[in-house]
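J.: here are the coordinates; sequence isn't available:
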């Protein structure tokens, strides 16, 4: 069959058979998953490199270049490929620096909230009894309350800023980890290898760390990857409402809030950060879903 008559999907499959991607054995992300993985890698690179990748200082104003459109539009300049904002600041530079804050906040939230939630979930699931009852009721309370109400309460007490927003997100994101791990532990601790370890006199700590936690790690990893996308949305939402990142720091949500007054004359001020948020969330969700299928093709996770 001629290459001209092949569909895009068929071309991709033929190319992927010729090119050896460094995926783990059995991991087949497909075209969409590969794009999502690549995008996530670019976001993490931007977070690590940060301002070093930005062509301009994110807060540098140029009043001779206010509201320049993207370079492919009339009056646009390739010096500012994604245009400038109402203060003449380079939009591309602000998006890159905003990526750094978004990824740092989201990944740190997933890691720290995951450690807290996993620890409490292990205690509740393995010990049971009053420990399980107390932790489960606290988890239910945190999951029942709307995020925005908890965020308002915590921010009113703590104030705004990157550190406080990170603390708020951690305090509101640990509960799903605790619930997931508790349910996994309740199931795992009934298995023969755990019962035999208990009969052999192995300590609780060793059983939890050597036998139970590794068997729950797949589910925890999937939730952590999905939680990165969720944290990006939450941080952007708080910043958009004026409760999150504050100037001179740069946030995608703050860019949306600043640009909404000019959406009729400078659409790129809101559309571009909006695309960045949507693409990041969808990419991490897609990677999380691919990991879930890889770890458990039967869909039990």
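T.: Yes, it's here. Because the structure is a prediction, the values reported are computed rather than measured. Residues are numbered from 1 along each chain as shown.

J.: who touches stretch 48-68?
T.: With C-beta atoms under 8 Å, 6 or more residues apart in numbering as the test, stretch 48-68 has contacts from 46, 75-77, 80, 83-90, 92-94, 96-98, 100, 248, 250, 262, 265-266. Glycine gets a C-beta too; all of them are placed from N, C-alpha and C.

J.: Endpoints of it, how far apart?
T.: 28 Å (C-alpha to C-alpha, to the nearest Å).

J.: So which bits of the lengthiest helix in the chain are buried?
T.: Longest helix of the chain, by residue count under DSSP state H: helix 91-127. Using 16 or more other C-beta atoms under 10 Å as the test for burial, helix 91-127 gives 91-107, 109-110, 112-114, 116-118, 120-126.

J.: now the contacts of stretch 48-68: which count as buried?
T.: 46, 76, 80, 83-85, 88-90, 92-94, 96-98, 100, 250, 266.

J.: Tell me where the stretch 51-200 of the chain has strands.
T.: Remark: no strands are assigned in the stretch 51-200 of the chain by DSSP state E, counting those that start in this stretch.

J.: Helices of that one, residue ranges please.
T.: Applying DSSP state H, counting those that start in this stretch to the stretch 51-200 of the chain gives helices spanning 91-127, 129-144, 147-158, 162-188, 192-199.

J.: Check those for me: which has the lowest mean pLDDT.
T.: The minimum mean pLDDT among those belongs to helix 147-158 (a mean of 81).

J.: Who are the packing partners of that one?
T.: In terms of contacts (3 or more C-beta pairs under 8 Å, 6 or more residues apart in numbering; DSSP states H and E), helix 147-158 is packed against helix 162-188, helix 213-240.

J.: Nearest to residue 38, out of those helices?
T.: helix 213-240 (15.0 Å; C-beta to C-beta).

J.: what angle do that closest one and helix 147-158 make?
T.: On the basis of axes from the mean of the first three to the mean of the last three C-alpha atoms, to 10 degrees, helix 213-240 is oriented at 70 degrees to helix 147-158.

J.: quick one on the thing from earlier: export the helices of the stretch 51-200 of the chain to JSON lines and tack on distance to residue 240?
T.: JSON lines is the format used below for the helices of the stretch 51-200 of the chain (distance: least, C-beta to C-beta, whole Å):
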{"stretch": "helix 91-127", "distance to residue 240": "12"}
{"stretch": "helix 129-144", "distance to residue 240": "23"}
{"stretch": "helix 147-158", "distance to residue 240": "12"}
{"stretch": "helix 162-188", "distance to residue 240": "12"}
{"stretch": "helix 192-199", "distance to residue 240": "47"}
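
J.: For residue 218, find the nearest of the ones you listed.
T.: helix 162-188 (9.4 Å).

J.: what comes up buried for the closest one?
T.: Buried residues in helix 162-188, defined by neighbour count with 16+ other C-beta under 10 Å: 162, 164-182, 184-185, 188.

J.: And the pLDDT at residue 64?
T.: The predicted local confidence for residue 64 is 85.

J.: What's the local residue count around it?
T.: Close neighbours of residue 64, defined as other C-beta atoms under 10 Å, add up to 8.

J.: what mean pLDDT does the host helix or strand of residue 293 have?
T.: In this structure, residue 293 sits in helix 268-295 according to DSSP states H and E. Mean pLDDT, helix 268-295: 90.

J.: next one: stretch 230-242
T.: This predicted structure assigns stretch 230-242 an average pLDDT of 90.

J.: Pull out the buried residues from that stretch.
T.: Result for stretch 230-242 [16+ other C-beta under 10 Å]: buried residues 230-240.

J.: separation between residue 240 and residue 207?
T.: Counting by C-beta to C-beta, to the nearest Å, the gap from residue 240 to residue 207 is 46 Å.

J.: Let me see the confidence value for residue 189.
T.: 87.

J.: So it sits against residue 125, correct?
T.: Yes: in this structure residue 189 lies within contact range of residue 125 using C-beta atoms under 8 Å: 7.0 Å.

J.: list the contacts for the residue nearest the centre of the chain?
T.: Nearest residue to the geometric centre of the chain (C-alpha atoms, centre = their mean): residue 228, 1.7 Å. Contact analysis of residue 228 by C-beta under 8 Å, 6+ apart lists 106-107, 110, 284.

J.: which one among the residues you listed gets closest to residue 258?
T.: residue 106 (21.0 Å).

J.: Please list all residues in contact with residue 47.
T.: Listed by C-beta under 8 Å, 6+ apart, the contact set of residue 47 reads 99-100, 102-104, 107.

J.: Quick check: of these, which lies closest to residue 142?
T.: residue 107 (21.1 Å).

J.: Identify the residue nearest that closest one in space, chain neighbours excluded?
T.: residue 228 (6.1 Å; C-beta to C-beta, 6 or more residues apart in numbering).
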